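Trainee: next one to model:
(chains A and B)
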Amino acid sequence: MTPFSQSLEQKFQELMARYPARRSALVPMLIYGQDELGYLPPAAIARIAELLDESEMAVREVIGYYSMLRLQPAGTYHVQVCTNISCLLRGGDELMEHCQHRLGIGNRETTKDGVFSLEEVECIGACSWAPAVQVNYDFHQELTPERLDQILDAYQQRAGAGERAGERA
Amino acid sequence: MSSYTPHPLEVRVVSRRFDQPKARTLAGYLESDGFKALDKALALTPDAIIDEVKKSGLRGRGGAGFPTGLKWSFVPKQSAREKYVLCNADESEPGTCKDRLILEYDPFAIIEGMLIAGLAIGARRGYIYIRGEYRYLIDIMEAALKEARDAGYVGTNIRGKGFDFDIHAHTGAGAYECGEESALMESLEGKRGIPRLKPPFPAVAGFMGGPTVINNVETLASVPPIIINGGDWFAAFGPPKNGGTRLFCLSGHVNNQGVFELPLGFPLRRLIDDLGGGMRHGAKLKALVPGGSSTPLLPADIAWDLALDYDSVAKTGSFLGSGGVVVVDENTCMVKFALRIMQFYRHESCGWCVPCREGTNWLQLSLTRFHNGGGRDGDIETLREVSENILGRTFCALGDAAAMPTLSILKHWRQEFEDHLNGKPCPFGAKTSVAVSAH
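Mentor: Residues are numbered from 1 along each chain as shown, chains lettered A, B, ... in the order given. The predicted structure is shown next:
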């Protein structure tokens, strides 16, 4: 039994063949699996452990280490605000506060409708275009609270238009 | 980002194709001297390749600044175990955002650099470890690799010369520590990214226990122009033992933030004034982070006269590091700045060794209390002692990276800590960030 799509199962096979030992594919499998399912439910962990011939515990141990991997769903749009030094100097804290007020949620929380989740993150490599926010994998840079509002409005509209399912990347 | 406009003062070696969108395809890359260095290297002996890189004075662009040719020469010629070339694209050092541009604008240059490294050390496989947050770059890299493989530049019998070398892109999943070379190898083996005890160093026992060369993205992208134009040509850009150009990531309180390629030894004053458009709002410089958040901060009087090369920055007691130049103005609370740096290292400490795990946690809690006015007489000394007790007592450099900026801030801006003591509110009115105070 697999919770993953056929195409992802095929990608897993390709990934496992890339390395001298297939366990090397674990972190990529976890992140691509999470991209498809939104998080890593027990069925996903069991399937990846089975493919790699590892224990589920070994897989969970690895999941626990990496900050992008999660055992619970996040919002459809996961808003990640960088407040590290370069962003701090250009208003990263203010963006984080702004998001909390606008979305009515705190750090690492999800809105009731499941559209947005919020996280204060460490440096995302956008220092020379600070302050920056990543929504899922999309970078938004050189932001002001006003520009961020427009960006969040656009995501809100996309969510309202029923484009939510499977739209993570 | 899709467009790139170079600054007229830049000296473009690594970034020479950044404004040529065509070079992001194999056909366009070949038109702009692509894989010429590979063809040249295929006709050279491994020792001749390594000698050329040594002559160039190229030093690691990831942060440690180790001479690249020397690193390659440490790999044993004969090995019972397979050898590997790894490209460290886990760019995560706060203040650093340059490898991202190379991955996006010149992906084939990284492939070519890895192929040449493979020739030099006798490896047949390589991996590009890209931080998970850079998903769009993983897609770009995989597309470039597919094109290169289909055209016979990656894979078996490359260019008909009997050279086999395969390369794959590999995604991380969010962990600063995985930028540390041995932790990266652990992660690449499908494990938690914790550092290994060294020695043995990767050149002897690295990925899967095999001799491994691991280089930063920018380092590898510097190799093809060195092979084409010669080591002496590259070395001549910078002062002795500080060969070449590098990408500087300018951020913070300047008018124009940006990534600029400049010869080593370039004056910081000109980077801020001529490329950065001067200090933002005409404020005065207070502090400089010369090369990413791990490097000791420098006060304005030292910073203004700084030459941006490895040896000149080392003379001030700091490091050229990763190229992340963060400009901090006079209106910034240095206690808050120290706290934000410590928040990062506490979050990223892998927990493997006690001084780092406990030290960063304790320092973050302490700096939070301090910034909120809860500091008491004697606390400044305690902060210093705890930092000093992390230094040099950890498996990897993360502990040092947490302690060094903290110690430099305590040393140069001690008065600001005094000004927060015994219930006094932050003189700069800086708030403690939401996530920190929630811990």
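Trainee: and B:Arg246, that one's in a strand?
Mentor: Yes: inclusion of B:Arg246 in a strand is indicated when DSSP: H, G, I helix; E, B strand; the rest coil is applied.
Trainee: can you give me the helices for the stretch 301-439 of chain B?
Mentor: B:310-315, B:334-348, B:354-369, B:379-390, B:398-412, B:414-418, B:434-437 (DSSP state H, counting those that start in this stretch).
Trainee: out of those helices, which is closest to chain A?
Mentor: Closest of these to chain A is helix B:434-437, at 4.1 Å (criterion: C-beta to the nearest C-beta). C-beta coordinates here come from the backbone N, C-alpha and C atoms, glycine included.
Trainee: if you compare the helices of the stretch 301-439 of chain B, which one is most tucked away?
Mentor: Among the helices of the stretch 301-439 of chain B, the stretch with the highest mean neighbour count (mean count of other C-beta atoms under 10 Å in any protein chain shown) is helix B:334-348, at a mean of 25.
Trainee: that helix close to chain A?
Mentor: Yes: judged by C-beta under 8 Å from any C-beta of the partner chain, helix B:334-348 and chain A are in contact via B:337, B:340-341, B:344, B:347-348.
Trainee: quick one, helices of chain A?
Mentor: Shown for chain A, the helices assigned by DSSP state H span residues A:6-16, A:26-37, A:42-52, A:56-63, A:85-88, A:92-103, A:145-160.
Trainee: so for B:Lys146, which of those sits nearest?
Mentor: Nearest of the helices of chain A to B:Lys146, taken as C-beta to C-beta: helix A:6-16 at 11.7 Å.
Trainee: export that closest one as PDB, just CAs?
Mentor: The C-alpha coordinates for helix A:6-16 follow below in PDB (Å, rounded to 0.1, in the frame of the first residue of the first chain):
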ATOM      1  CA  GLN A   6       2.300   6.400  -9.300                       C
ATOM      2  CA  SER A   7       4.600   9.000 -10.800                       C
ATOM      3  CA  LEU A   8       6.100   9.700  -7.400                       C
ATOM      4  CA  GLU A   9       6.600   6.000  -6.800                       C
ATOM      5  CA  GLN A  10       8.500   5.900 -10.000                       C
ATOM      6  CA  LYS A  11      10.600   9.000  -9.000                       C
ATOM      7  CA  PHE A  12      11.400   7.200  -5.800                       C
ATOM      8  CA  GLN A  13      12.800   4.300  -7.800                       C
ATOM      9  CA  GLU A  14      14.900   6.700  -9.800                       C
ATOM     10  CA  LEU A  15      16.200   8.400  -6.700                       C
ATOM     11  CA  MET A  16      17.200   5.200  -5.000                       C
END
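Trainee: ok now it, how far from the chain's centre?
Mentor: On the basis of C-alpha atoms, centre = their mean, to the nearest Å, helix A:6-16 sits 20 Å off its chain's mean C-alpha point.
Trainee: related to what we said a few turns ago, can you redo the helices of the stretch 301-439 of chain B as a markdown table with mean pLDDT?
Mentor: What follows is the helices of the stretch 301-439 of chain B, written out as a markdown table (pLDDT from 0 to 100):
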| stretch | mean pLDDT |
| --- | --- |
| helix B:310-315 | 96 |
| helix B:334-348 | 97 |
| helix B:354-369 | 96 |
| helix B:379-390 | 96 |
| helix B:398-412 | 97 |
| helix B:414-418 | 95 |
| helix B:434-437 | 47 |
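Trainee: could the ones you listed be laid out in TSV, adding distance to A:Ala161?
Mentor: Below are those laid out as TSV (distance: least, C-beta to C-beta, whole Å):
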stretch	distance to A:Ala161
helix B:310-315	52
helix B:334-348	36
helix B:354-369	42
helix B:379-390	51
helix B:398-412	44
helix B:414-418	50
helix B:434-437	31
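Trainee: for the stretch 1-150 of chain B, list the residues in contact with chain A, please.
Mentor: Counting by C-beta under 8 Å from any C-beta, the residues of the stretch 1-150 of chain B near chain A are B:82, B:91-97, B:99-100, B:125, B:127, B:131-136.
Trainee: repeat that for 6 Å
Mentor: Proximity of the stretch 1-150 of chain B to chain A is confined to B:91, B:94-95, B:97, B:100, B:132-133, B:135 under the rule C-beta under 6 Å from any C-beta of the partner chain.
Trainee: inside helices: which ones of the residues you listed?
Mentor: Those of the residues of the stretch 1-150 of chain B next to chain A mapping onto helices are B:100, B:135, per DSSP H.
Trainee: name the SS class of the residue nearest the centre of chain B, please.
Mentor: Residue closest to the average C-alpha location in chain B (C-alpha atoms, centre = their mean): B:Gly62, at 3.0 Å. Following three-state DSSP, B:Gly62 is assigned to coil.
Trainee: for it, what are its contacts?
Mentor: B:88, B:216 (C-beta atoms under 6 Å, 6 or more residues apart in numbering or on different chains).
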